[in-house]
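Chemist: below: sequence and its predicted model.
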Amino acid sequence: MKYIFEQVNVFSATKLDGNPLAVVVGADNLTDAQMNKFAKWTNLSETVFLLQPTTPEADYRVRIFTVEGELPFAGHPTLGSCFVWQQTYGQQQKTSIVQECKAGLIAIKKVNDRLAFKAPPLIRSGEIEQSDKIKVFKGLGITEDDVVDSNWVANGPDWMGIQLKSVDKLLSIKPDYFQLKGYDIGLCAIYPDGKDKQLEVRVFCGTSAVEDPVTGSFNAGAAQWLIPQGKLPKQYIVGQGQCVYGEGRVYVSADDEGIWIAGDVINCISGTIEL
């Protein structure tokens, strides 16, 4: 069968920056094995399959696959698939949207003309065990003296969050993936006042031995961790990706409803695929 196929760029208004995402539209007839195999073939950080919802509360449903398997939730696939759903089905004017995924229902809305998803509840938080920290710090080439704080911030992916004292140290890290196998690690460092962004982030997926260009789910968890402590304001801008192939921007805001993660989305490839 032939399916509509889009490859979009998320978290940047500039093509070839941000984080690419493959989206297959109307994929309800595909099997789990077909989805998994196609995601391996695209070789992107995530591939999304756009489906009919199973509940009247949702506008559409997604299944999200990495090259290794399915994720219950991920950030840039949420924004990218919403953008494709709007474009494909003529829903550009709809400003309040509900996505169904394995993690449940995710609210999406427009914030300053950008799509934004509501950060889902953390499914794991709290202090990181010392044995884990010793192994991960060694794999990152850092010491306790480089670290301000650390915390689990899992919201689908099992993110280990580490706040470093210095942006320069963050940008200099060359990970040893052999040491990091089995861990998904998000590093962040706060910029001094006066910058056009307030936080820099890098994310290392230890099992797949890659650095993710821009990561919505980790940024959601980091905001839930750092904003309540007063380390970051209720609105701030994140830079991520400059150590990969192009810098992305994540726009974070908090209101009475929750924390919202926003970013630009643009088309890069449009066509059909035959599976």
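Modeler: Right, received. Where do you want to start?

Chemist: do you know how far residue 90 is from residue 6?
Modeler: Residue 90 is 15 Å from residue 6, where distance means Cβ to Cβ, to the nearest Å. Yep, even glycine has a C-beta here, placed from its N, CA and C like the rest.

Chemist: quick one, which of these two is more surrounded?
Modeler: Counted by other Cβ atoms under 10 Å, residue 90 and residue 6 do not tie: residue 6 has more neighbours, with 22 against 8.

Chemist: any idea what the more buried one is bridged to?
Modeler: Going by DSSP bridges, residue 6 is paired in beta bridges with residue 23, residue 270.

Chemist: so what's it up against?
Modeler: Shown in contact with residue 6 (Cβ atoms under 8 Å, 6 or more residues apart in numbering): 22-23, 25, 84, 87-88, 267, 269-270.

Chemist: same question, residue 172
Modeler: If you count contacts by Cβ under 8 Å, 6+ apart, residue 172 has none.

Chemist: change it to 10 Å
Modeler: Counting by Cβ atoms under 10 Å, 6 or more residues apart in numbering, residue 172 touches 141-142, 166, 243.

Chemist: distance of it relative to residue 166?
Modeler: Using Cβ to Cβ, residue 172 is found at 9 Å from residue 166.

Chemist: list the contacts for the closest residue to residue 262 other than its chain neighbours?
Modeler: Counting by Cβ to Cβ, 6 or more residues apart in numbering, residue 262 lies nearest to residue 116, which is 3.5 Å off, once chain neighbours are set aside. Going by Cβ under 10 Å, 6+ apart, residue 116 touches 78-79, 82, 107-110, 216, 251-253, 259-263.

Chemist: who's residue 116 bridged to?
Modeler: Under DSSP bridges, the beta-bridge partners of residue 116 are residue 109, residue 262.

Chemist: what of residue 248?
Modeler: Taking DSSP bridges as the rule, residue 248 bridges to residue 240.

Chemist: show me where the stretch 151-275 of the chain has helices.
Modeler: Applying DSSP state H, counting those that start in this stretch to the stretch 151-275 of the chain gives helices spanning 167-172, 177-180, 216-226.

Chemist: would JSON lines of those helices with distance to residue 124 be doable?
Modeler: Converted to JSON lines, these look like this (distance: least, Cβ to Cβ, whole Å):
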{"stretch": "helix 167-172", "distance to residue 124": "23"}
{"stretch": "helix 177-180", "distance to residue 124": "18"}
{"stretch": "helix 216-226", "distance to residue 124": "9"}
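
Chemist: hey, which of these is tucked in deepest?
Modeler: Each of the helices of the stretch 151-275 of the chain was scored by mean neighbour count; the highest is helix 216-226, a mean of 27, by mean count of other Cβ atoms under 10 Å.

Chemist: what is the mean pLDDT for that one?
Modeler: Confidence over helix 216-226 (mean pLDDT, whole number) is 97.

Chemist: tell me the buried residues in stretch 265-275?
Modeler: For stretch 265-275, burial by neighbour count (16 or more other Cβ atoms under 10 Å) applies to 265, 273, 275.
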